[in-house]
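Asker: sequence first, predicted coordinates after that:
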Amino acid sequence: MDVILSRTQKEIQKAAWEFAKGEFDAAAIIEMDHREYFPAPIWKKSAELGFIGLHAAEAYGGGGMGLLETVLVVEALCRRSSTMGIAIGLADVLAECLSLFGSEEQKQRYLPSICEGRQLCGICLNDLNPDASDNATVCRTTGDGLHIEISGRWPLVVNAPVAGLYILLCRDVDAPDSEQAYSLVLVSGQDQGVALRPVKGKLGMRLTSMGELELQAVHVPLANRLGQKGQGRMHLKAATWAFYVKSAGMALGIAQGALDRSLDYARKRIQFRRKIGQFQVTRHKLAQMVMLVEQARCLTYAAAARMDAKRPDPVLSAAAKLCACNAAVKVAYEAIQLHGGYGYMTEYEVERFYRDAKMLQIAGGNTGMLKDELANLVIGKLS
């Protein structure tokens, strides 16, 4: 599927790039990466410019644009800085769930605060593969029929503990049918019985807050159920296809950013009285990197365009994340190789691009899971 960007889309892409150039300070990012510090001021500025919740409806504070525009924005941000770009890109993680399955009251209450940079949204990365969700996280309707009681532990929750709102996949212990036992529930980080603990020491995505969430008999209103009762896995899976495409956009930006730095280095670095870009081995390596980036771009843009055309293709969405994340890891790795010893140093950035690419490759659907999904989807079509 050939995707030709419109003038408006190109302007959005340019605006995101100019924002990143002006606001992403390299020295500050190195320090924040070392301290694992969430960039709240940059997040708020990006929200003011409309880069958060771009895909949400305008009625709820969003940009009212398509997933392709969202991909263009996160690609530009991650191209400039992989770490900062991912942190901004995940600030509204799975607000898609609210847009797709939230009630009118839920949308009015939560989406504006997310899109306007007043509240972060969090979700457990393990839940993004609903088939492998932790059965220890349970819920039941209370005796008064007005609340849901939730107990459980969610490790590796994106944006915890700084997020104010969490989307949790819970298993109803009273449900007669295990296939219909899962529901999505909205929980505030301020609710009584909610414990949040930060997780430190990540290899990559170090500007993205990560934490452990534990609930002990927490009571939330029945109105906090997101979507239909017992349809949690189905709802989450539908939103995950969009998350795959957005993740592919971030990975594409990382791959392009690593390629940019490799091209710049090849044009300047002199060895044996020649610029290394003149050696065939270097030129072939760069050509291979370009091929990987362009393959990822074609798949990612096509998957986003299909979703915007109301013709979502799960195969294309999963393939886009798989292709783009693998490309990001490979291109960033080759960038380190090309830079030699300098590639191992923080000031040249490519080592951070590699760390972030690897984390993104694992988060929310690793290589093995995506291959399983693709195989299941394709075999289902052939049967």
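Answerer: Great, that's in hand.
Asker: what score does the residue of the chain most remote from its centre have for pLDDT?
Answerer: Within the chain, the residue lying farthest from the chain centre (CA atoms, centre = their mean) is R273, at 43.7 Å. pLDDT, R273: 88.
Asker: by mean pLDDT, point me to the weakest helix or strand of this structure.
Answerer: The weakest-scoring helix or strand in the chain, judged by mean pLDDT, DSSP states H and E, is strand 138-141 (a mean of 79).
Asker: which residues touch it?
Answerer: Outside of strand 138-141, the residues within contact range by CB atoms under 8 Å, 6 or more residues apart in numbering are 147-152, 170-174, 183, 185, 222. (C-beta placed from N, C-alpha, C; glycine too.)
Asker: pull up the pairing partners for that strand, direction included.
Answerer: Strand pairing for strand 138-141, determined by DSSP bridges: strand 147-158 (antiparallel), strand 165-172 (parallel).
Asker: buried sites along that strand?
Answerer: Going by neighbour count (16 or more other CB atoms under 10 Å), the buried part of strand 138-141 is V138, C139, R140.
Asker: again, but for stretch 179-196
Answerer: The neighbour-count check on stretch 179-196 (16+ other CB under 10 Å) flags Q180, A181, Y182, S183, L184, V185, L186, V187, S188, G189, V194, L196 as buried.
Asker: just those residues: which are in strands?
Answerer: When DSSP state E is applied, those are split such that Y182, S183, L184, V185, L186, V187, S188, V194, L196 fall in strands.
Asker: could you list the low-pLDDT ranges of the protein?
Answerer: 1, 129-136, 143, 381-383 (pLDDT under 70).
Asker: all the strands of it, in order from the start?
Answerer: With DSSP E, the ranges of strands along the chain come out as 121-124, 138-141, 147-158, 165-172, 182-188, 194-198, 210-221, 225-226, 270-271, 274-275.
Asker: who wins for proximity to C323 among those?
Answerer: Proximity to C323 (CB to CB) singles out strand 147-158 among the strands of the chain, at 22.4 Å.
Asker: tilt between the closest one and strand 182-188?
Answerer: 80 degrees (axes from the mean of the first three to the mean of the last three CA atoms, to 10 degrees).
Asker: just want the angle from strand 147-158 to strand 210-221.
Answerer: 170 degrees.
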